[in-house]
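Participant: What follows is a predicted protein model with its sequence.
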Amino acid sequence: MPAEKGRGEVLFEFRRVGNSVKVSAVHVATNTEISIVGPATGGEQALKMAALRKLQYVLARQGK
């Protein structure tokens, strides 16, 4: 995902495990990685936004 609102570049990986999907998101500039698990029927965009919100939370807690 290209830089938006000063966020920097974020890479996403989706891995299906049974009825769930593990989504990993990496903030390229800080090499910070998070992951979430959601339902496989949740839709890619919804899972991506949930992962992005968690990544933003983690970056804010780290002061980055």
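Facilitator: Alright, I've got the coordinates. Here the structure is a predicted model, which is why all the values come from computation and not from measurement. Residues are numbered from 1 along each chain as shown.
Participant: Name the nearest residue to Ser35, ignoring sequence neighbours.
Facilitator: Ser24 (4.4 Å; CB to CB, 6 or more residues apart in numbering). Where C-beta positions appear, they are placed from N, C-alpha and C, glycine not excepted.
Participant: shouldn't the one you found be in contact with Glu33?
Facilitator: Yes - in this structure, Ser24 is within contact of Glu33 by CB atoms under 8 Å, at 6.2 Å.
Participant: and the closest residue to Gly8 other than its chain neighbours, how many neighbours does it have?
Facilitator: In space, and not counting its chain neighbours, Gly8 is closest to Ala29: 4.4 Å by CB to CB, 6+ apart. Residues lying near Ala29 (other CB atoms under 10 Å) number 13.
Participant: what about Arg53, which helix or strand?
Facilitator: Remark: Arg53 resides in helix 44-62, with elements defined by DSSP states H and E.
Participant: Show me which residues of that helix are buried.
Facilitator: Buried residues in helix 44-62, defined by neighbour count with 16 or more other CB atoms under 10 Å: 47-48, 51-52, 55, 58-59.
Participant: Contacts for it, please.
Facilitator: 1, 7, 10, 12, 14, 21, 23-25, 27, 30, 32, 34-36, 38 (CB atoms under 8 Å, 6 or more residues apart in numbering).
Participant: coming back round to it: what's near enough to touch the residue nearest to Ser35?
Facilitator: Ser24 neighbours (CB under 8 Å, 6+ apart): 12-13, 15, 33-35, 51.
Participant: Can you tell me which of those residues are buried?
Facilitator: Using 16+ other CB under 10 Å, the buried ones in those are 34, 51.
Participant: Just give me the closest of the contacts of Ser24 to Gly42.
Facilitator: Closest to Gly42 out of those is Ala51 (11.1 Å), distances taken as CB to CB.
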